[in-house]
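[1] Here is my input, please return the structure:
(one chain, ligands or ions: 1)
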Amino acid sequence: MHLPTPEQSAAAEAFPTGSHLVIQAGAGTGKTTTLAMLARTARRQGRSGRYIAFNRAVARHAARTFPAEVACGTAHALAYTAVGRRYQARMNAPRQAGWRTGAALGIDEDMTMRAGARKVTHKALSYTVLRTVTRFCQSADRDIGPHHVPPLRGAESEPLHAQLTELVLPYARKAWADLQHPDRGVVRFEHDHYLKMWALREPVIPADFLLLDEAQDTNPVVEQVLTAQRDHAQLVLVGDSAQAIYGWRGARDVMTGFDGGQLSLSRSFRFGPALAAEANRWLTIVGAPIRLTGSPLLHTELRAVRAPEAILCRTNVGAMVEVIRQLEADRRVALAGGGEALSALARAAHDLEAGRRTGHPELMLFETWGELREYAECDPAGRDLLPLVEVVDEHGTEALLRALDQLSPEDSADVTVSTVHRAKGREWASVRIADDFTGPDDLDEAGEDGAPLPGPIDIDEARLAYVAVTRARSLLDIGGLSWINSHPAGDPLPHPHSAEGNPVEHAPERTASATKRGVRDR
Ligand SMILES: Nc1ncnc2c1ncn2[C@@H]1O[C@H](COP(=O)(O)OP(=O)(O)OP(=O)(O)O)[C@@H](O)[C@H]1O
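    As a prediction, the model looks like this:
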């Protein structure tokens, strides 16, 4: 048993008062240890509660640490017990292509829409219908509406999206109605469906307290259920606002602005002071409420690393490039999460090269590779696909598929390549940041030395950088993030050109952050 830090003790003392709390827990600061301390305090008080984790693996890990009075699980597990189990027969139904579901809902093969020169086929319409239902299920809304219809690659303009919405909405509503029957229907029943049904019933969760983990990335549907418990249960939101990296798929940081006592954990047990300083530079840029202190007992170096245990990439395509490089260097390579997402992309590219349409949701509106290349090169909405086009044009799809076939399991690999999204919650002894983390574009203005001034840093990119650098224990090679060393915002001292100190930008939806994101890691 460790001697608690003053911050851990403060959390353990605040908890028994029963008031709602927010605990900002920085990377590697012993969050689980601290929550277990709270749980033991509750046991002494005779209170029982629940810990709600982001996924099942985290919930299982917590269950081993927490006393039995605290039930550990996910929001989906609660919803399954209350609603989902009635739909078990439908959940066991075999998977089928989205267009078959679309056809069963009435989207015939000849039902298409023109999007300029592109044809939105019945397959793309069916996909959009199913995605609309999923987005509704993740929202806090009572009914399906136009804002749930996702933008379709290659048909992003407002008039086209409006046309798509009009076409898709009636079928999305029909799909949702179909899903209500416990034992028959044409739409495949998914976990998000029963979660939404449960939320619409406005459930009361019987508990004296609820501990919500990873609260910086909470789906609105879970947020709605949780905040509705605040009159009978003590709410404790735990997470790290600076690690909120799922905003692009609708998640919200429910810690910021929450009405409750504010606590923090800032002593990192993962790394030493040098890495804490690097992390703090990013925490300053994102305007985070905490700064980290490294453990004086741990030595972490920042320097070039030739053979790191892990290479962290910004995008899926960046990961593909790294996999190829590492294989060429004769290293056994693992890809966190497996190679299926990348293989699907490579197969889609292969189909387009052969002049066939693909069913891949990102590329389904394009008929040929040339058409996709033009979209990536000339359309601002397609700019993030440029790295994919370049990697395919450089290596060819067959070489990419061969490379992905050679992946090793993590436990027998020399190096693990991962996107930052996949690396969340993980740590390695030595980490290199991949070179797809490019800095912001230069401004049109020049500085006193005549060199162009670097543009502001997108705040979403800075959060991603913070998650990436804090995965290392002993060695960090900041690699692709080295541009920060010559950016004014990378200076830990306030910069003279900026009243606030650091020029950063809070990017609105679908601006720089969206176009820079690359093919998404799901
Ligand atoms: N007060 C303490 N003194 C020394 N070591 C501690 C203390 N609190 C936690 N630790 C150690 O820090 C490490 C990380 O703690 P823990 O497993 O609780 O964190 P986590 O929740 O898994 O990770 P993170 O903090 O990154 O979310 C563990 O090895 C734990 O034993």
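
[2] tell me the contacts of the nearest residue to residue 113 once chain neighbours are set aside?
    Leaving aside its sequence neighbours, residue 113 sits nearest to residue 120 (Cβ to Cβ, 6 or more residues apart in numbering; 4.1 Å). Quick note: C-beta positions are derived from backbone N, CA and C, even for glycine. Shown in contact with residue 120 (Cβ atoms under 8 Å, 6 or more residues apart in numbering): 112-114, 152, 155, 164, 365.

[3] Try it again at 7 Å.
    112-113, 152, 155, 164, 365 (Cβ atoms under 7 Å, 6 or more residues apart in numbering).

[4] same question, residue 200
    Per Cβ under 7 Å, 6+ apart, neighbours of residue 200: residue 142.

[5] Find the closest residue to the ligand in the stretch 251-400 of the chain.
    residue 269 (3.2 Å; Cβ to the nearest ligand atom).

[6] Distance check, the residue nearest to residue 113 against the ligand.
    Residue 120 is 43 Å from the ligand, where distance means Cβ to the nearest ligand atom, to the nearest Å.

[7] same check, this time on residue 156
    For residue 156, the distance to the ligand equals 37 Å [Cβ to the nearest ligand atom].

[8] Same question for residue 226.
    Counting by Cβ to the nearest ligand atom, the gap from residue 226 to the ligand is 20 Å.

[9] cool, and residue 46?
    Between residue 46 and the ligand the computed distance is 25 Å (Cβ to the nearest ligand atom).

[10] burial measure for the closest residue in space to residue 246 that isn't next to it in sequence, as a count.
    Nearest residue to residue 246, sequence neighbours excluded (Cβ to Cβ, 6+ apart): residue 217, at 4.4 Å. Look at residue 217: counted by other Cβ atoms under 10 Å, it has 21 neighbours.

[11] Run through the residues that contact residue 217.
    Residue 217 neighbours (Cβ under 7 Å, 6+ apart): 244, 246, 251.

[12] Give me the pLDDT value at the closest residue to the last one other than its chain neighbours.
    Right, the one you point to is residue 251. Nearest non-adjacent residue to residue 251, counting by Cβ to Cβ, 6+ apart: residue 217, 4.2 Å away. Confidence at residue 217, expressed as pLDDT, is 95.

[13] if we can go back for a sec, can you say which helix or strand has the residue of the stretch 251-400 of the chain closest to the ligand in it?
    Following DSSP states H and E, one finds residue 269 outside all helices and strands.

[14] I figured it hits residue 30, correct?
    Yes: here residue 269 reaches residue 30: they are 5.4 Å apart, a contact under Cβ atoms under 7 Å.

[15] So for these two, which residue has more residues nearby?
    residue 30 (21 against 16).

[16] Please name the residues that touch that one.
    8, 265, 269 are the contacts of residue 30 under Cβ under 7 Å, 6+ apart.

[17] In CSV: those, plus distance to residue 40 and pLDDT.
    Listed next are those as CSV, based on distance: Cβ to Cβ, whole Å; pLDDT from 0 to 100:
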residue, distance to residue 40, pLDDT
8, 12, 96
265, 17, 98
269, 19, 96
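
[18] For these, give me TSV that also has distance to residue 420.
    Listed next are these as TSV, based on distance: Cβ to Cβ, whole Å:
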residue	distance to residue 420
8	27
265	22
269	21
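
[19] so where do the strands sit in the stretch 351-500 of the chain?
    For the stretch 351-500 of the chain, strands defined by DSSP state E, counting those that start in this stretch occupy the ranges 415-419, 428-433, 442-446, 452-454, 457-458, 472-477.

[20] so which of those is the most packed in?
    strand 415-419 (a mean of 25; mean count of other Cβ atoms under 10 Å).

[21] Give me the angle between it and strand 428-433.
    Between strand 415-419 and strand 428-433, the angle comes out at 60 degrees (axes from the mean of the first three to the mean of the last three Cα atoms, to 10 degrees).

[22] Indicate which one of the strands of the stretch 351-500 of the chain is closest to residue 77.
    strand 415-419 (26.4 Å; Cβ to Cβ).

[23] which secondary structure elements does that closest one contact?
    Secondary-structure packing of strand 415-419 (3 or more Cβ pairs under 7 Å, 6 or more residues apart in numbering; DSSP states H and E): strand 310-313, helix 316-328, strand 333-335.

[24] Dump that strand to CSV, restricted to CA.
    These are the backbone C-alpha positions of strand 415-419, laid out as CSV (Å, rounded to 0.1, in the frame of the first residue of the first chain):
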residue,chain,number,x,y,z
VAL,A,415,7.7,-2.7,-32.1
THR,A,416,4.0,-1.8,-31.8
VAL,A,417,2.7,0.8,-34.2
SER,A,418,-0.5,2.6,-32.9
THR,A,419,-2.7,5.6,-33.6
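
[25] can you give me how far that strand is from the chain middle?
    Taking Cα atoms, centre = their mean, to the nearest Å, one finds strand 415-419 lying 16 Å from the centre of the chain it belongs to.
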